[in-house]
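Asker: Sequence and computational prediction follow.
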Amino acid sequence: MSDSVLQKFLAEIRALPEFIGIPTVGVHTRGGWQSTPLHVAAVRGDIAAIAALLDAGADIQSRGEHGYSPLHEAVEQGHVEAVRLLLERGASVTATCDDGHRPIQSAQNLGEHEIERLWQTHAASQITE
């Protein structure tokens, strides 16, 4: 199922302005603004696409426009389940964007309290492992 989700998602993003004119859109393709398909999935909060892209080898630490990681994107949009999945799959909690902010700082600045709680739970689980 993951492959069909992946192919459907890649077909959808070919129509996005940042990917128009790119002959082949794949897992590692960078569109305008340096976004990857994983960045787009994170912005949308598309859990199935995020999982399929990661299963296909997408770089979870990739940096897009302004140095944003997919985790930054999911946090900024308030997509709790996308944040959870990215954390579970190894997204760096210490990654900074070009202005030096970490994703948790964005959550705090935006009042994303559920993401803050998720972050604390994730951090605590990393200490006990």
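Answerer: Nice, I can see it.

Asker: which residue ranges form the helices in this structure?
Answerer: 2-13, 37-44, 47-55, 70-77, 80-88, 103-110, 113-128 (DSSP state H).

Asker: Mean pLDDT and distance to Gly21 added to the ones you listed, as CSV?
Answerer: All C-beta atoms are positioned from the backbone trio N, CA, C, and that covers glycine. Shown next, in CSV, are the helices of the chain (pLDDT from 0 to 100; distance: least, C-beta to C-beta, whole Å):
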stretch, mean pLDDT, distance to Gly21
helix 2-13, 91, 13
helix 37-44, 97, 16
helix 47-55, 98, 21
helix 70-77, 98, 22
helix 80-88, 98, 28
helix 103-110, 95, 31
helix 113-128, 88, 35
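
Asker: Columns mean neighbour count on top of these, output as a markdown table?
Answerer: Formatted as a markdown table, these follow (neighbours: other C-beta atoms under 10 Å):
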| stretch | mean neighbour count |
| --- | --- |
| helix 2-13 | 16 |
| helix 37-44 | 26 |
| helix 47-55 | 21 |
| helix 70-77 | 26 |
| helix 80-88 | 20 |
| helix 103-110 | 18 |
| helix 113-128 | 13 |
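
Asker: Would you reformat those helices as a markdown table and include distance to Val27?
Answerer: Shown next, in a markdown table, are the helices of the chain (distance: least, C-beta to C-beta, whole Å):
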| stretch | distance to Val27 |
| --- | --- |
| helix 2-13 | 8 |
| helix 37-44 | 6 |
| helix 47-55 | 6 |
| helix 70-77 | 12 |
| helix 80-88 | 16 |
| helix 103-110 | 22 |
| helix 113-128 | 25 |
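
Asker: Show me the one of those that comes nearest Gly26.
Answerer: The minimum distance between Gly26 and the helices of the chain falls on helix 2-13, with 6.9 Å, by C-beta to C-beta.

Asker: what angle separates the closest one from helix 37-44?
Answerer: Interaxial angle, helix 2-13 versus helix 37-44 (axes from the mean of the first three to the mean of the last three C-alpha atoms, to 10 degrees): 80 degrees.

Asker: Show me what helix 2-13 is packed against.
Answerer: Contacts defined by 3 or more C-beta pairs under 8 Å, 6 or more residues apart in numbering; DSSP states H and E place helix 2-13 against helix 37-44, helix 47-55.

Asker: Thanks a lot, catch you later.
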